[in-house]
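Undergrad: Whatever this is, show me its structure:
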Amino acid sequence: MEILFLEYWSKGSPLKSRSSTMEKYRVTLTAEERTQLEHTVSVGKAAARKLAHARILLLADTSRNLRHGDEDIVAALGTSLRTVERVRKRLVTEGFQAALDHRPQPPRPDNIKIRGNVEQKLIQLACSDPPEGRCHWTLNLLCDELVALGLVRTVSTETVRQALKKTTLSPGSLRLGASRPRSMPSTSGGWKT
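TA: Residues are numbered from 1 along each chain as shown. Okay, the predicted model is just below:
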């Protein structure tokens, strides 16, 4: 059975209907699952997210004939409505342990975008003579040249800057970085002897 909630938008738009997640994903815990959740909550030595999910599942359980709506659970626990809906759905679709535990984030792409041959070519370009009509290589010129040579599909100026910053092949310098430090004139005003 699907229950429809009617909401009125204050901007004068028409009524919008939304199905109740509570009815769509009904939480019915076994005695063993309920005992495990009660123990987890009473001990309180788990991750905050796991404790919140355990409390949501305990309040959403319909096996004891106590019906708590999603809004009641949100008010009692201070979570968002979307979190309650997501925990209900994960219990029904993926199982008890998946609803309780934290879902790991997908692997992030590696921070270093330029490596190996591309890095060597970038350093060669930065240390070479600039294109005709230019006095030095800019980050934008280096990016455009890497794309024109077919070494990368796209590359940002920040990626090129970081790759050049970590190099130790600075022309005329033993320090890290791609630019040479300049000597500064003395500002002491004293006589040089």
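Undergrad: where in this structure is pLDDT low?
TA: 1-23, 109-112, 168-193 (pLDDT under 70).
Undergrad: which residues in it form helices?
TA: 21-24, 31-43, 48-60, 70-77, 81-94, 96-100, 116-127, 139-148, 157-165 (DSSP state H).
Undergrad: Any idea which of those gets closest to R108?
TA: helix 157-165 (15.3 Å; C-beta to C-beta). To be clear about C-beta, it is placed using only N, CA and C from the backbone, and glycine gets the same treatment.
Undergrad: which helices and strands sit right next to that closest one?
TA: helix 116-127, helix 139-148 (3 or more C-beta pairs under 8 Å, 6 or more residues apart in numbering; DSSP states H and E).
Undergrad: Now do the first one against helix 139-148, angle only.
TA: Pointing back at helix 116-127 there. Calculated by axes from the mean of the first three to the mean of the last three C-alpha atoms, to 10 degrees, helix 116-127 forms an angle of 140 degrees with helix 139-148.
Undergrad: Centre of the chain to helix 116-127, how far?
TA: 30 Å (C-alpha atoms, centre = their mean, to the nearest Å).
Undergrad: What residues sit buried inside it?
TA: V118, E119, K121, L122, I123, L125, A126 (16 or more other C-beta atoms under 10 Å).
Undergrad: Can you tell me how far the third one is from L151?
TA: It refers to K121. Between K121 and L151 the distance is 6 Å, computed by C-beta to C-beta, to the nearest Å.
Undergrad: before we move on, what about the last one?
TA: Distance from A126 to L151, counting by C-beta to C-beta: 14 Å.
Undergrad: Would you map out the domains in this structure?
TA: As given by automatic domain parsing, the domain ranges for the chain are 4-100, 107-179.
Undergrad: what's the farthest-apart pair in the buried residues of helix 116-127?
TA: Farthest pair in the buried residues of helix 116-127, by C-beta to C-beta: V118 and A126, 12.6 Å.
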